[in-house]
Structures are given as C-alpha cells and as structure tokens.
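Asks: Sequence first, then the predicted structure:
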Amino acid sequence: MIKIFTWGLLAVLVFIAQTQFSFLHNSINLTVVIVYFFGLRNLDRVAARGYFGSRSEIETTAFGAFIGLTEDILLGSLIGPGFLSKGLIGFFTSVIFSDVVFRWTPIWGVTAITAFTLLDGLILIGARSMFTDLNVNSTYVLLNVLVQIAVNVPFGILLKPRAID
Amino acid sequence: MSKAKKRLIILFSLFSIAFIMMAFQHNRKSFSFFDVLSYPFHALSKITSSVNLNVKTVKEALEENTRLRKDLTALLLERQRYNEFIQENKRLKALLSLKEHEHRYLTAAKVISRGYDKVLNTIILDKGGNSGIEKGMAVITTKGLVGKVHSVKNDFAEVLLLRDSNFSVAVRLQNGRREGVVAGTGYDNCVLKYISPEENVEKGEVIVTSGLDGIFPPGLPVGIVAKVKKEGVEFFQQIEIMPFQSDAKLEEVVILKQE
C-alpha cells in the first residue's frame, strides 16, 4: 500500500513538474523516466519474492499504461498514445532487463531511456497523424523529442536497479 | 502457456485497447468524462502561468522603477544646477550694472560664510587686501547697503552688517530730506535716530545714505520706515527701519572705494 502511495505521489509530482518546467523552450517528458524507473525497481521486487514469468511484465505494462492514460486524460488531448507508449515502455523495460540484457549498466540505461523517449515521441506523432485532423509538424516534434532525450539521458545513468545499488 | 505467448497477449491487449480508444475518438466522440478530469490540471496551469506572469511583471516594474528613480534624481540635480546658474547669472548681471553706474566700484566678492565672531553680526568675503579691500569700505548690493568692511586679511575680509548694534550710517529721508543716523540693533530691524518729534515721518518712507559720514557715498538705499512712535518720547522720535538688503539672502556683494 505504501509502495502504491509512493509511486502515485511520485507520478503526481512528475506530472506537475512536466507541465511547469521546460528546457530550451521545449516541454520535458519525465513520465517516460518514471515508467522506466518503476520497471527497473519492480523487476527486483518481483524477482526477490520469487515470482517469475510474466508477472513483472504485466505489472510494469499496467503501471506504464495507467501513467500514460492519466497523462492523456490530464492533458486533455487524444487519449491513447500515452497509454500505448508508456505501456510499451513498461513492458520493454521488464523484458529487456530480464531476458535481453540480463545486467544493467549505465550504457544500457542511456540506450534504453533514449530508445523509450524516441518511441514515445514516434507513437505520439503516429497516433496524432492517424487519429486526429490536426497537422503534426513531424520535424518540430522530433526536435522536441531530441531535447527530451537530452533531458532524460542523465536519468538513464542515475536510475538503476536496486541490486546494482 | 509459454512466456512468448503471454508477452504476445500483453502486447496485443495493449495495442487493441489503445487503438480502440483512439479510433473511438477519431469518430468525433470524445470521452467527455475524462475532459472533466483535466479541468483541475488546466486550472493549475492557468494559476501558475498567471503567477509567473505577475512575478515577471512585478520584477520588470521594480527594475524600471529603480532606473526611473535614478534618472529622476539625476534630472532633478541637473535642473537644480541650471536654476542655480540662472539665479547666479541674474545676480552677476545686476552687479555688473552696478559696476557701470557706480564710479567708486572696487570689486565684487562672494559671501563664503557667516562671521566667526559670536558677538558681532558679520559675514566673510572671499576677497581681501590682495584685491584692494581696506577697512571701513562700504559694502553694497543692488538692493542697498549691506555694511562696511570691519577687518581685512590678504584673501578674506569681514563685513560688519547694517543690523549690528556697532554699526551706524548717516542717512537722509528721501522725501523729507531730513538727516539722521541709522544704527543697528542686533535684530532684523534698525533704528533711525535723531529725528525730532516735529518732523513728519511717514511709514514706508525710503531712507538713503547722506554721505555726510565720509564713509558711504550719498544716495545708497538703506531701508524703509517700518514703524514710527512719537507719543511719550522726550527728544527724538522712535523710528524703526526695515533694511532693503536682508543679510539672510546675501551671496555676492560689491565693495566701494573710499573717496
């Protein structure tokens, strides 16, 4: 219960920070970071309790999807891109660091968070292009994504699984 | 169920739900319930942006205020300087005209301070013996008599003022032509002495120097009659004189040579 409350509080703070701060006149994307961080920590927790299989993947995907859905709702835009992208980020975090990489290193952290931020941006562009009548300036969004990556990269180094701590 | 299958189910579910939601909205049906949830978020953004704007506006206003205050102070000082120059210019012009009309003109001097002697009413001039000033010389302004030189140093001179009780000057009533002596009292007013009760002296009459004392040239304005008292006097009327030149406003004076 405390864990849920802690993650909920952290998510709220991230939402507020994301809307109030900007970097180089571009919005920042910290929800990717929180989903990624949850994925890393949940992997440890599930493994420590002896659960294996898809439990961690389901939890991180659900958490990511919930954060993405909340973000979509709160921002009042198209509901779905955040749900999908954050759900995928949660899912892949769990999969990559359990079956693909096996061991976290700062380089993998940076790579993962870069890829996840890019994935989030691409899904947003795709979803907006497909499901809205609005014109999406892809170049602008991609530049924005690059700035978001620059902001998120340090988190890729700093955030690590508890086992590494 | 294998791990791969489970993962496929997770991914399929995720994609399905997301696409259903987005497709639903694409058909112009929005989740109005969710819109309501986003209101507090927008309200928060509005508040914070307005606070940011206010803080920025106040900061800019404070900076502008500081800059304008500095500018204002500089302008006021400049204006004061110009006013001083204008006033000085007027006074110097008047002194210059005095020089042209008064053949006994010796020099003009600036009043640099009040006299240091606590008993005497004196002023200190910025010129002295080196400029030809000698003891006993008359000191005047364009308005009238100021006093006489009391002591002289090489670069300074002390002037005994008209209102000092040690000062006296031979005068004449400008209209009545009656002669008398004006003496200081130590206060703002002077007294006109030696006018008999039979003489008709009007309040407001102008007093000028007579030149009979050999110190001051004749015709210099001294003051006007402020008060006349005839009743109850024994030998002479008690006449108060208000000097034309108030020593509180002295800045530049002219020193006249003795004949």
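Replies: Cool, the structure landed. Numbering: from 1, shown residues only, chains lettered A, B, ... in the order given.

Asks: neighbours of the residue lying closest to residue A:126 once chain neighbours are set aside, just the number please.
Replies: In space, and not counting its chain neighbours, residue A:126 is closest to residue A:81: 7.8 Å by C-beta to C-beta, 6 or more residues apart in numbering or on different chains. (Glycine included, C-beta is placed from N, CA and C.) Neighbourhood size, residue A:81 [other C-beta atoms under 10 Å in any protein chain shown]: 27.

Asks: same thing with residue B:76?
Replies: Count around residue B:76 with other C-beta under 10 Å applied: 10.

Asks: The helix or strand where it lies - contacts with which helices or strands?
Replies: When elements are assigned from DSSP states H and E, residue B:76 belongs to helix B:32-101. Here helix B:32-101 touches helix A:2-20, helix A:55-75, strand B:105-114, strand B:252-256, going by 3 or more C-beta pairs under 8 Å, 6 or more residues apart in numbering or on different chains; DSSP states H and E.

Asks: picking that back up, was I right about the residue nearest to residue A:126 contacting residue B:21?
Replies: No. In this structure, residue A:81 is not within contact of residue B:21 by C-beta atoms under 8 Å, at 9.5 Å.

Asks: Can you list the buried residues in stretch A:104-111?
Replies: The neighbour-count check on stretch A:104-111 (16 or more other C-beta atoms under 10 Å in any protein chain shown) flags A:104, A:108-110 as buried.

Asks: count of neighbours near residue B:173?
Replies: Using other C-beta under 10 Å: residue B:173 sits among 22 other residues.

Asks: Could you find the closest non-adjacent residue to it?
Replies: For residue B:173, ignoring the flanking residues on the chain, the nearest one in space by C-beta to C-beta, 6+ apart is residue B:205 at 5.6 Å.

Asks: That neighbour - how many residues pack around it?
Replies: Residue B:205 has 19 neighbouring residues, counting by other C-beta under 10 Å.

Asks: contacting residues for it?
Replies: B:173-176, B:224-225 (C-beta atoms under 8 Å, 6 or more residues apart in numbering or on different chains).

Asks: Against residue A:83, how distant is it?
Replies: 108 Å (C-beta to C-beta, to the nearest Å).

Asks: so residue B:186 touches residue B:163, yeah?
Replies: Yes. With contact defined as C-beta under 8 Å, residue B:186 counts as touching residue B:163 (7.0 Å).

Asks: which residues are common contacts for the two?
Replies: Counting by C-beta under 8 Å, 6+ apart, the common neighbours of residue B:186 and residue B:163 are residue B:121.

Asks: Those two: who's more crowded?
Replies: The neighbour comparison of residue B:186 against residue B:163 (other C-beta under 10 Å) goes to residue B:163, with 22 against 14.

Asks: pretty sure the more buried one is in contact with residue B:123, am I right?
Replies: No. Residue B:163 is beyond contact range of residue B:123, at 11.4 Å (criterion: C-beta under 8 Å).

Asks: List the buried residues for stretch B:102-119?
Replies: Neighbour count says stretch B:102-119 has B:105-109, B:111, B:115 buried, by 16+ other C-beta under 10 Å.

Asks: Using JSON lines, please lay out these together with distance to residue B:157 and pLDDT.
Replies: Shown next, in JSON lines, are those (distance: C-beta to C-beta, whole Å; pLDDT from 0 to 100):
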{"residue": "B:105", "distance to residue B:157": "16", "pLDDT": "86"}
{"residue": "B:106", "distance to residue B:157": "11", "pLDDT": "88"}
{"residue": "B:107", "distance to residue B:157": "10", "pLDDT": "90"}
{"residue": "B:108", "distance to residue B:157": "12", "pLDDT": "89"}
{"residue": "B:109", "distance to residue B:157": "7", "pLDDT": "91"}
{"residue": "B:111", "distance to residue B:157": "10", "pLDDT": "90"}
{"residue": "B:115", "distance to residue B:157": "11", "pLDDT": "75"}
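
Asks: Which ones, among the residues you listed, also lie beside chain A?
Replies: Residues of the buried residues of stretch B:102-119 in contact with chain A (C-beta under 8 Å from any C-beta of the partner chain): none.

Asks: Closest one of those to chain A?
Replies: Closest approach between the buried residues of stretch B:102-119 and chain A, by C-beta to the nearest C-beta: residue B:111, at 67.0 Å.

Asks: which residues does the closest one bridge with?
Replies: Following DSSP bridges, residue B:111 is listed with bridge partners residue B:125.

Asks: How about the contacts made by it?
Replies: By C-beta under 8 Å, 6+ apart, residue B:111 lies in contact with B:123-126, B:250-253.

Asks: Equivalent analysis for residue B:182, please.
Replies: Residues near residue B:182 by C-beta under 8 Å, 6+ apart: B:162, B:168-169, B:171, B:190-193, B:207, B:222-223, B:241.

Asks: that older thread, how close does the residue nearest to residue A:126 sit to residue A:138?
Replies: Remark: distance between residue A:81 and residue A:138 (C-beta to C-beta) = 14 Å.

Asks: ok, now residue A:10?
Replies: 32 Å.

Asks: Ok, residue B:205 next?
Replies: Relative to residue A:138, and taking C-beta to C-beta, residue B:205 is found at 102 Å.

Asks: And residue B:61, by the same measure?
Replies: 42 Å.

Asks: what do you get for residue B:18?
Replies: The gap separating residue B:18 from residue A:138 is 20 Å, by C-beta to C-beta.

Asks: What of residue B:224?
Replies: 96 Å.

Asks: So for these two, which residue has more residues nearby?
Replies: Higher neighbour count among residue B:224 and residue A:138: residue B:224, with 17 against 14, using other C-beta under 10 Å.
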